[in-house]
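Chemist: Sharing a sequence plus its predicted fold:
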Amino acid sequence: MDHEKGKPLFQKVALIGIGLIGSSLARAIKKKGLASEVVTCARSEATRNTVKKLGLVDAVYDTPAEAVRDADLIILCTPVSTYDDLAAAMAPSLKAGAIVSDVGSVKESVIRDVGQHLPDGVHFVPGHPIAGTEHSGPEAGFAELFEGRWCILTPVVGTDAQAIAKVSGFWTALGSMVEIMTPHRHDKVLAITSHLPHLIAYTIVGTATDLEETDQNDVIKFSAGGFRDFTRIAASDPIMWRDVFLNNREAVLEMLQRFTEDLTVLQRAVRWGEGDVLEDLFRRTREVRRGIVDAHQAGTFDAREPDEDPKKQ
Ligand SMILES: NC(=O)c1ccc[n+]([C@@H]2O[C@H](COP(=O)([O-])OP(=O)(O)OC[C@H]3O[C@@H](n4cnc5c(N)ncnc54)[C@H](O)[C@@H]3O)[C@@H](O)[C@H]2O)c1
Ligand SMILES: O=C(O)C(=O)C[C@]1(C(=O)O)C=C[C@@H](O)C=C1
(Lines give C-alpha, C1' and ligand atoms only; values in the text may rest on other atoms or scores of the structure.)
(Ligands and ions follow the chains in the order given, each with its own letter.)
Protein backbone atom coordinates (compact mmCIF):
# COMPACT_ATOMS: atom_id res chain seq x y z
CA MET A 1 0.00 0.00 0.00
CA ASP A 2 1.85 3.11 -1.24
CA HIS A 3 1.62 6.47 0.46
CA GLU A 4 -0.01 8.97 -1.87
CA LYS A 5 1.88 12.24 -1.35
CA GLY A 6 -0.17 14.77 0.65
CA LYS A 7 -2.73 12.15 1.70
CA PRO A 8 -2.40 10.87 5.29
CA LEU A 9 -2.37 7.08 5.71
CA PHE A 10 -4.14 7.38 9.08
CA GLN A 11 -6.50 9.88 10.67
CA LYS A 12 -5.16 9.55 14.21
CA VAL A 13 -1.97 7.86 15.38
CA ALA A 14 -1.33 7.35 19.12
CA LEU A 15 2.24 6.76 20.25
CA ILE A 16 2.37 5.17 23.70
CA GLY A 17 5.77 6.29 25.02
CA ILE A 18 7.74 9.13 23.49
CA GLY A 19 11.46 8.42 24.02
CA LEU A 20 14.03 7.87 21.26
CA ILE A 21 11.82 5.69 19.05
CA GLY A 22 8.45 7.30 19.86
CA SER A 23 9.73 10.83 19.28
CA SER A 24 11.53 9.77 16.08
CA LEU A 25 8.22 8.34 14.86
CA ALA A 26 6.37 11.54 15.84
CA ARG A 27 8.89 13.66 13.95
CA ALA A 28 8.88 11.38 10.88
CA ILE A 29 5.06 11.09 10.74
CA LYS A 30 4.75 14.88 10.88
CA LYS A 31 7.52 15.43 8.33
CA LYS A 32 6.00 12.98 5.84
CA GLY A 33 2.37 13.92 6.54
CA LEU A 34 1.35 10.34 7.36
CA ALA A 35 -1.41 11.21 9.87
CA SER A 36 -3.91 14.03 10.37
CA GLU A 37 -3.35 13.87 14.12
CA VAL A 38 -0.52 12.44 16.25
CA VAL A 39 -0.95 12.10 20.02
CA THR A 40 0.99 10.56 22.86
CA CYS A 41 0.92 10.04 26.63
CA ALA A 42 3.56 10.38 29.31
CA ARG A 43 3.50 9.57 33.00
CA SER A 44 5.38 12.59 34.32
CA GLU A 45 4.48 16.24 33.98
CA ALA A 46 8.12 17.01 33.17
CA THR A 47 8.04 14.73 30.10
CA ARG A 48 4.64 16.09 29.02
CA ASN A 49 6.08 19.62 29.19
CA THR A 50 9.20 18.61 27.23
CA VAL A 51 7.06 17.01 24.52
CA LYS A 52 4.89 20.15 24.28
CA LYS A 53 7.95 22.40 24.19
CA LEU A 54 9.47 20.33 21.37
CA GLY A 55 6.15 20.49 19.47
CA LEU A 56 6.36 16.78 18.68
CA VAL A 57 2.62 15.95 18.66
CA ASP A 58 -0.86 17.50 18.56
CA ALA A 59 -1.81 16.43 22.10
CA VAL A 60 -0.15 14.83 25.13
CA TYR A 61 -2.32 12.88 27.57
CA ASP A 62 -1.66 11.60 31.08
CA THR A 63 -2.84 8.04 30.37
CA PRO A 64 -2.76 5.53 27.49
CA ALA A 65 -6.55 5.09 27.73
CA GLU A 66 -7.10 8.77 26.85
CA ALA A 67 -4.46 8.77 24.10
CA VAL A 68 -5.84 5.76 22.17
CA ARG A 69 -9.45 6.99 22.04
CA ASP A 70 -10.53 7.14 18.34
CA ALA A 71 -7.01 6.29 17.17
CA ASP A 72 -6.66 4.26 13.94
CA LEU A 73 -3.09 3.22 14.63
CA ILE A 74 -1.60 2.75 18.11
CA ILE A 75 2.12 2.06 18.46
CA LEU A 76 3.62 0.94 21.76
CA CYS A 77 7.04 2.63 22.12
CA THR A 78 7.99 1.85 25.74
CA PRO A 79 10.33 -0.82 27.19
CA VAL A 80 8.80 -4.25 26.51
CA SER A 81 8.12 -5.18 30.16
CA THR A 82 5.52 -2.38 30.29
CA TYR A 83 3.47 -3.75 27.38
CA ASP A 84 1.30 -6.11 29.43
CA ASP A 85 -0.02 -3.38 31.77
CA LEU A 86 -0.26 -0.79 28.99
CA ALA A 87 -2.28 -3.11 26.73
CA ALA A 88 -4.63 -3.91 29.63
CA ALA A 89 -5.07 -0.20 30.38
CA MET A 90 -5.79 0.88 26.81
CA ALA A 91 -7.85 -2.13 25.62
CA PRO A 92 -11.30 -0.84 26.75
CA SER A 93 -10.76 2.47 24.89
CA LEU A 94 -9.71 1.00 21.52
CA LYS A 95 -12.13 1.56 18.68
CA ALA A 96 -13.29 -1.31 16.50
CA GLY A 97 -11.02 -1.76 13.48
CA ALA A 98 -8.07 -0.03 15.14
CA ILE A 99 -4.59 -1.40 14.45
CA VAL A 100 -2.25 -1.93 17.41
CA SER A 101 1.47 -2.21 16.67
CA ASP A 102 4.73 -1.80 18.58
CA VAL A 103 8.46 -1.27 18.14
CA GLY A 104 9.72 -3.70 20.80
CA SER A 105 13.10 -5.39 20.32
CA VAL A 106 11.66 -8.85 21.11
CA LYS A 107 8.52 -10.31 19.60
CA GLU A 108 7.33 -13.63 21.10
CA SER A 109 6.81 -12.17 24.60
CA VAL A 110 5.20 -9.04 23.15
CA ILE A 111 2.66 -11.11 21.22
CA ARG A 112 1.86 -13.04 24.40
CA ASP A 113 1.65 -9.93 26.62
CA VAL A 114 -0.31 -7.63 24.28
CA GLY A 115 -2.38 -10.17 22.33
CA GLN A 116 -4.21 -11.47 25.43
CA HIS A 117 -5.77 -8.04 26.13
CA LEU A 118 -6.92 -6.94 22.68
CA PRO A 119 -10.67 -7.15 21.98
CA ASP A 120 -12.08 -8.86 18.87
CA GLY A 121 -12.14 -6.51 15.92
CA VAL A 122 -8.83 -4.85 16.85
CA HIS A 123 -5.88 -5.90 14.66
CA PHE A 124 -2.43 -6.58 16.08
CA VAL A 125 0.60 -6.20 13.79
CA PRO A 126 3.79 -6.37 15.88
CA GLY A 127 6.82 -4.57 14.47
CA HIS A 128 10.48 -3.86 15.15
CA PRO A 129 12.48 -1.15 13.38
CA ILE A 130 16.13 -2.23 13.25
CA ALA A 131 17.24 1.31 13.88
CA GLY A 132 18.36 3.09 16.99
CA THR A 133 21.13 4.80 18.86
CA GLU A 134 22.55 4.62 22.38
CA HIS A 135 20.59 7.77 23.32
CA SER A 136 17.15 7.88 24.92
CA GLY A 137 14.31 10.26 25.72
CA PRO A 138 12.20 12.63 23.59
CA GLU A 139 15.09 14.98 22.78
CA ALA A 140 17.15 12.13 21.30
CA GLY A 141 14.84 11.32 18.38
CA PHE A 142 15.18 12.43 14.78
CA ALA A 143 12.92 12.10 11.74
CA GLU A 144 15.47 10.30 9.53
CA LEU A 145 16.13 7.44 11.98
CA PHE A 146 14.19 4.85 9.99
CA GLU A 147 15.35 5.80 6.50
CA GLY A 148 17.15 2.98 4.70
CA ARG A 149 16.64 0.68 7.69
CA TRP A 150 14.79 -2.61 7.98
CA CYS A 151 11.52 -2.89 9.84
CA ILE A 152 10.50 -6.46 10.70
CA LEU A 153 6.79 -7.26 11.08
CA THR A 154 5.78 -10.48 12.90
CA PRO A 155 2.00 -10.88 12.57
CA VAL A 156 0.58 -14.18 13.76
CA VAL A 157 -1.15 -16.48 11.26
CA GLY A 158 -4.68 -15.28 10.51
CA THR A 159 -3.99 -11.55 11.02
CA ASP A 160 -6.08 -9.34 8.73
CA ALA A 161 -4.09 -8.91 5.49
CA GLN A 162 -5.24 -5.30 5.05
CA ALA A 163 -4.00 -4.35 8.49
CA ILE A 164 -0.59 -5.88 7.71
CA ALA A 165 -0.51 -4.00 4.38
CA LYS A 166 -1.34 -0.71 6.14
CA VAL A 167 1.44 -1.11 8.71
CA SER A 168 3.85 -2.21 5.99
CA GLY A 169 2.90 0.86 3.90
CA PHE A 170 3.42 3.07 6.94
CA TRP A 171 7.02 1.89 7.44
CA THR A 172 7.74 2.07 3.72
CA ALA A 173 6.51 5.67 3.75
CA LEU A 174 8.96 6.34 6.61
CA GLY A 175 11.74 5.18 4.28
CA SER A 176 12.22 1.69 5.75
CA MET A 177 12.43 -1.67 4.03
CA VAL A 178 9.87 -4.13 5.40
CA GLU A 179 10.38 -7.85 6.02
CA ILE A 180 7.77 -10.20 7.46
CA MET A 181 8.91 -13.16 9.57
CA THR A 182 7.70 -15.35 12.41
CA PRO A 183 8.20 -13.99 15.94
CA HIS A 184 10.32 -17.05 16.80
CA ARG A 185 12.69 -16.47 13.92
CA HIS A 186 12.86 -12.74 14.73
CA ASP A 187 13.89 -13.43 18.31
CA LYS A 188 16.54 -15.92 17.26
CA VAL A 189 18.05 -13.69 14.56
CA LEU A 190 18.05 -10.59 16.78
CA ALA A 191 19.57 -12.57 19.65
CA ILE A 192 22.78 -12.93 17.63
CA THR A 193 22.74 -9.69 15.60
CA SER A 194 21.68 -7.26 18.33
CA HIS A 195 21.15 -8.71 21.80
CA LEU A 196 24.40 -10.67 22.18
CA PRO A 197 26.55 -7.77 20.86
CA HIS A 198 24.99 -5.54 23.51
CA LEU A 199 25.60 -8.14 26.22
CA ILE A 200 29.24 -8.43 25.15
CA ALA A 201 29.64 -4.63 25.11
CA TYR A 202 28.14 -4.34 28.60
CA THR A 203 30.50 -7.09 29.78
CA ILE A 204 33.72 -5.72 28.30
CA VAL A 205 33.09 -2.19 29.56
CA GLY A 206 32.16 -3.61 32.98
CA THR A 207 35.32 -5.75 33.07
CA ALA A 208 37.49 -2.77 32.13
CA THR A 209 35.98 -0.57 34.80
CA ASP A 210 36.52 -3.27 37.44
CA LEU A 211 40.29 -3.14 36.90
CA GLU A 212 42.56 -1.60 39.53
CA GLU A 213 42.41 2.20 39.59
CA THR A 214 45.73 2.84 37.79
CA ASP A 215 44.82 0.50 34.91
CA GLN A 216 41.35 2.00 34.79
CA ASN A 217 42.72 5.53 34.25
CA ASP A 218 44.71 4.32 31.26
CA VAL A 219 41.66 2.55 29.86
CA ILE A 220 39.77 5.84 29.79
CA LYS A 221 42.78 7.79 28.53
CA PHE A 222 43.60 5.49 25.62
CA SER A 223 40.09 4.42 24.61
CA ALA A 224 40.19 5.66 21.04
CA GLY A 225 39.56 2.58 18.92
CA GLY A 226 37.81 -0.73 19.52
CA PHE A 227 37.02 -0.15 23.17
CA ARG A 228 35.44 3.21 22.45
CA ASP A 229 33.04 1.53 19.97
CA PHE A 230 32.03 -0.87 22.74
CA THR A 231 31.42 2.03 25.17
CA ARG A 232 28.94 3.57 22.71
CA ILE A 233 26.86 0.41 22.66
CA ALA A 234 27.26 -0.06 26.44
CA ALA A 235 25.78 3.42 26.98
CA SER A 236 22.38 2.20 25.70
CA ASP A 237 19.33 2.53 27.91
CA PRO A 238 19.60 0.18 30.96
CA ILE A 239 15.85 -0.38 31.35
CA MET A 240 15.24 -1.11 27.68
CA TRP A 241 18.09 -3.64 27.63
CA ARG A 242 17.18 -5.21 30.98
CA ASP A 243 13.77 -5.90 29.45
CA VAL A 244 15.24 -7.34 26.24
CA PHE A 245 17.25 -9.92 28.18
CA LEU A 246 14.36 -10.75 30.51
CA ASN A 247 12.09 -11.32 27.51
CA ASN A 248 14.35 -13.16 25.05
CA ARG A 249 15.99 -15.45 27.55
CA GLU A 250 16.05 -18.72 25.62
CA ALA A 251 17.33 -17.40 22.30
CA VAL A 252 19.99 -15.27 24.02
CA LEU A 253 21.15 -18.19 26.17
CA GLU A 254 21.38 -20.43 23.09
CA MET A 255 23.52 -17.86 21.23
CA LEU A 256 25.57 -17.18 24.36
CA GLN A 257 26.33 -20.91 24.67
CA ARG A 258 27.61 -21.06 21.09
CA PHE A 259 29.55 -17.84 21.56
CA THR A 260 31.19 -19.15 24.75
CA GLU A 261 32.27 -22.34 22.97
CA ASP A 262 33.80 -20.32 20.11
CA LEU A 263 35.51 -18.01 22.58
CA THR A 264 37.03 -21.03 24.31
CA VAL A 265 38.45 -22.18 20.96
CA LEU A 266 40.09 -18.77 20.55
CA GLN A 267 41.32 -18.80 24.13
CA ARG A 268 43.00 -22.14 23.43
CA ALA A 269 44.50 -20.86 20.18
CA VAL A 270 45.99 -17.87 22.01
CA ARG A 271 47.30 -20.04 24.83
CA TRP A 272 48.96 -22.60 22.51
CA GLY A 273 50.11 -20.10 19.89
CA GLU A 274 47.87 -21.58 17.16
CA GLY A 275 48.36 -18.73 14.70
CA ASP A 276 46.64 -20.55 11.83
CA VAL A 277 43.42 -20.92 13.85
CA LEU A 278 43.41 -17.20 14.67
CA GLU A 279 44.31 -16.09 11.14
CA ASP A 280 41.72 -18.38 9.56
CA LEU A 281 38.91 -16.95 11.70
CA PHE A 282 40.03 -13.34 11.24
CA ARG A 283 40.11 -13.80 7.45
CA ARG A 284 36.59 -15.24 7.49
CA THR A 285 35.21 -12.42 9.65
CA ARG A 286 36.84 -9.80 7.43
CA GLU A 287 34.95 -11.30 4.48
CA VAL A 288 31.70 -10.98 6.44
CA ARG A 289 32.34 -7.26 6.99
CA ARG A 290 33.24 -6.78 3.31
CA GLY A 291 30.07 -8.59 2.29
CA ILE A 292 28.00 -6.24 4.44
CA VAL A 293 29.72 -3.15 3.00
CA ASP A 294 29.28 -4.43 -0.58
CA ALA A 295 25.60 -5.13 0.07
CA HIS A 296 25.24 -1.59 1.45
CA GLN A 297 26.79 -0.18 -1.67
CA ALA A 298 24.59 -2.30 -3.93
CA GLY A 299 21.56 -1.10 -1.98
CA THR A 300 20.49 -4.63 -1.10
CA PHE A 301 21.10 -4.28 2.60
CA ASP A 302 20.67 -1.72 5.34
CA ALA A 303 21.45 1.32 3.20
CA ARG A 304 23.21 3.48 5.74
CA GLU A 305 26.59 2.94 7.33
CA PRO A 306 26.44 3.45 11.13
CA ASP A 307 29.21 6.06 10.92
CA GLU A 308 27.00 8.25 8.75
CA ASP A 309 24.53 8.76 11.57
CA PRO A 310 25.22 12.17 13.13
CA LYS A 311 23.56 11.20 16.44
CA LYS A 312 26.01 8.33 16.90
CA GLN A 313 29.25 10.31 17.11
N1 LIG B 1 16.82 2.31 21.36
C2 LIG B 1 16.89 1.52 20.32
O3 LIG B 1 17.95 1.41 19.70
C4 LIG B 1 15.68 0.74 19.87
C5 LIG B 1 15.61 0.32 18.54
C6 LIG B 1 14.48 -0.38 18.12
C7 LIG B 1 13.45 -0.66 19.02
N8 LIG B 1 13.58 -0.25 20.31
C9 LIG B 1 12.45 -0.54 21.23
O10 LIG B 1 11.73 0.65 21.36
C11 LIG B 1 11.11 0.73 22.64
C12 LIG B 1 11.42 2.10 23.25
O13 LIG B 1 12.81 2.28 23.30
P14 LIG B 1 13.47 3.73 23.28
O15 LIG B 1 14.86 3.55 22.81
O16 LIG B 1 12.58 4.71 22.59
O17 LIG B 1 13.52 4.02 24.84
P18 LIG B 1 13.47 5.43 25.61
O19 LIG B 1 13.97 5.15 26.98
O20 LIG B 1 14.13 6.50 24.82
O21 LIG B 1 11.91 5.75 25.65
C22 LIG B 1 10.99 4.98 26.35
C23 LIG B 1 9.93 5.92 26.87
O24 LIG B 1 8.89 5.15 27.46
C25 LIG B 1 8.47 5.81 28.64
N26 LIG B 1 7.82 4.85 29.51
C27 LIG B 1 8.38 3.86 30.22
N28 LIG B 1 7.44 3.18 30.89
C29 LIG B 1 6.25 3.76 30.59
C30 LIG B 1 4.90 3.52 30.96
N31 LIG B 1 4.60 2.52 31.77
N32 LIG B 1 3.95 4.32 30.44
C33 LIG B 1 4.26 5.31 29.58
N34 LIG B 1 5.52 5.60 29.19
C35 LIG B 1 6.49 4.83 29.70
C36 LIG B 1 9.76 6.40 29.22
O37 LIG B 1 9.48 7.43 30.12
C38 LIG B 1 10.46 6.87 27.95
O39 LIG B 1 10.10 8.19 27.61
C40 LIG B 1 11.63 -0.46 23.44
O41 LIG B 1 10.65 -1.44 23.50
C42 LIG B 1 12.83 -0.94 22.65
O43 LIG B 1 13.01 -2.32 22.79
C44 LIG B 1 14.63 0.48 20.76
O1 LIG C 1 22.69 1.26 16.55
C2 LIG C 1 22.43 1.11 17.74
O3 LIG C 1 22.84 1.87 18.60
C4 LIG C 1 21.56 0.02 18.13
O5 LIG C 1 21.87 -0.58 19.11
C6 LIG C 1 20.35 -0.28 17.36
C7 LIG C 1 19.75 -1.63 17.56
C8 LIG C 1 20.74 -2.71 17.11
O9 LIG C 1 21.19 -3.52 17.90
O10 LIG C 1 21.04 -2.73 15.91
C11 LIG C 1 19.38 -1.83 18.98
C12 LIG C 1 18.23 -2.38 19.37
C13 LIG C 1 17.16 -2.56 18.47
O14 LIG C 1 16.11 -3.24 18.88
C15 LIG C 1 17.40 -2.30 17.10
C16 LIG C 1 18.55 -1.72 16.72
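Modeler: That came through fine. Ligands and ions are numbered 1, 2, ... in the order given.

Chemist: What segments of this structure are strands?
Modeler: With strands called from DSSP state E, the chain shows them at 10-16, 35-41, 59-61, 73-76, 99-102, 123-125, 127-129, 150-153, 177-180.

Chemist: Distance to ligand 2, mean pLDDT and mean neighbour count for the ones you listed - can I get that in CSV?
Modeler: Quick note: C-beta positions are derived from backbone N, CA and C, even for glycine. Below are the strands of the chain laid out as CSV (distance: least, CB to the nearest ligand atom, whole Å; pLDDT from 0 to 100; neighbours: other CB atoms under 10 Å):
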stretch, distance to ligand 2, mean pLDDT, mean neighbour count
strand 10-16, 17, 98, 24
strand 35-41, 20, 98, 22
strand 59-61, 25, 98, 17
strand 73-76, 13, 98, 26
strand 99-102, 11, 98, 26
strand 123-125, 17, 98, 22
strand 127-129, 6, 98, 23
strand 150-153, 9, 98, 20
strand 177-180, 14, 98, 16
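
Chemist: measure residue 260 to residue 87 for me?
Modeler: Distance of residue 260 to residue 87, computed by CB to CB, to the nearest Å: 36 Å.

Chemist: With residue 187 instead?
Modeler: 19 Å.

Chemist: which residues in the stretch 151-300 of the chain form helices?
Modeler: 161-173, 183-190, 196-209, 213-221, 226-234, 238-247, 249-271, 275-298 (DSSP state H, counting those that start in this stretch).

Chemist: rank these by pLDDT, which is bottom?
Modeler: For these, mean pLDDT drops lowest on helix 213-221, to a mean of 80.

Chemist: Enumerate the residues of this protein near ligand 1.
Modeler: With CB under 6 Å from any ligand atom as the criterion, the chain comes near ligand 1 at residues 17-22, 42-43, 47, 77-80, 82, 86, 103-105, 129, 132, 136-137, 237, 240.

Chemist: which of the residues you listed are buried?
Modeler: 17-22, 42, 47, 77-80, 82, 86, 103-105, 129, 132, 136, 237, 240 (16 or more other CB atoms under 10 Å).

Chemist: among the residues you listed, which are in helices?
Modeler: With DSSP state H as the criterion, helices contain 20, 21, 22, 47, 86, 240 from among these.

Chemist: who's in contact with residue 126?
Modeler: Neighbouring residues of residue 126 by CB atoms under 8 Å, 6 or more residues apart in numbering: 101, 102, 104, 107, 110, 111, 114, 153, 154, 155, 183.

Chemist: Look at it and report its pLDDT.
Modeler: pLDDT at residue 126 comes out at 98.

Chemist: Without its sequence neighbours, what residue ends up closest to it?
Modeler: Once flanking residues are discounted, residue 126 sits nearest to residue 154: 4.9 Å by CB to CB, 6 or more residues apart in numbering.

Chemist: any idea how far ligand 1 is from that neighbour?
Modeler: 13 Å (CB to the nearest ligand atom, to the nearest Å).

Chemist: For ligand 2, state which of the contacts of residue 126 is nearest.
Modeler: residue 104 (7.9 Å; CB to the nearest ligand atom).

Chemist: so how far is residue 76 from the closest one?
Modeler: Taking CB to CB, one finds residue 104 at 7 Å from residue 76.

Chemist: shared neighbours, the two?
Modeler: Residues touching both residue 104 and residue 76 (CB under 8 Å, 6+ apart): residue 83.

Chemist: circling back: ok, residue 260 and residue 87, which is more surrounded?
Modeler: residue 87 (24 against 9; other CB atoms under 10 Å).

Chemist: how about the more buried one, what does it touch?
Modeler: 76, 100, 113, 114, 116, 117, 118.
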